[in-house]
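*Asks:* the following block contains a protein sequence and its predicted model.
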Amino acid sequence: MALAIQFQDMIQRGEARDYADLARLGCLTRERMSQIMELVWLAPDIQQEILHIAPHVGGRYPISECGVRHIASLLAWDDQRAEWNKLKKTRLGTWVDSDR
């Protein structure tokens, strides 16, 4: 998530022209860059929650990037929030929904 935000800021500041330029700078494939950048489509409140998820034992995060990208593919933020809450309940167990 943080990487997607940083890359988006680089484009807005003119440090990179587009995703292809970012892919070259980051030594990533264009496909991988597109996958990372899909995360900026998430509702802002979901982005904030993701940025504050602590890793579990062993340094692994409880929610996969693939699962989050699936949510980002939904156009309506309300739909994203509903899917995010389902994912949190299944992957994080006792994590309490913020303001929901």
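*Replies:* That came through, no problem.
*Asks:* could you tell me which residues within stretch 2-11 count as buried?
*Replies:* 4, 7-8, 10 (16 or more other CB atoms under 10 Å). In this view, the C-beta of every residue, glycine as well, is placed from N, C-alpha and C.
*Asks:* can I get the residues you listed in TSV with distance to Lys86 and secondary structure?
*Replies:* Shown next, in TSV, are the buried residues of stretch 2-11 (distance: CB to CB, whole Å; DSSP: H, G, I helix; E, B strand; the rest coil):
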residue	distance to Lys86	secondary structure
Ala4	22	helix
Phe7	28	helix
Gln8	26	helix
Met10	33	helix
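*Asks:* how far away is the residue lying farthest from the centre of the chain from Gln8?
*Replies:* The centre of the chain is farthest from one residue, Gly14, which by CA atoms, centre = their mean lies 22.1 Å away. Counting by CB to CB, to the nearest Å, the gap from Gly14 to Gln8 is 12 Å.
*Asks:* residues contacting Pro55?
*Replies:* Applying CB atoms under 8 Å, 6 or more residues apart in numbering to Pro55 gives the contacts Tyr61.
*Asks:* try Leu74
*Replies:* Counting by CB under 8 Å, 6+ apart, Leu74 has contacts 80, 83.
*Asks:* one more pass at 10 Å, please.
*Replies:* Residues in contact with Leu74, defined by CB atoms under 10 Å, 6 or more residues apart in numbering, are 41-43, 80-84.
*Asks:* against Arg13, how distant is it?
*Replies:* Counting by CB to CB, the gap from Leu74 to Arg13 is 29 Å.
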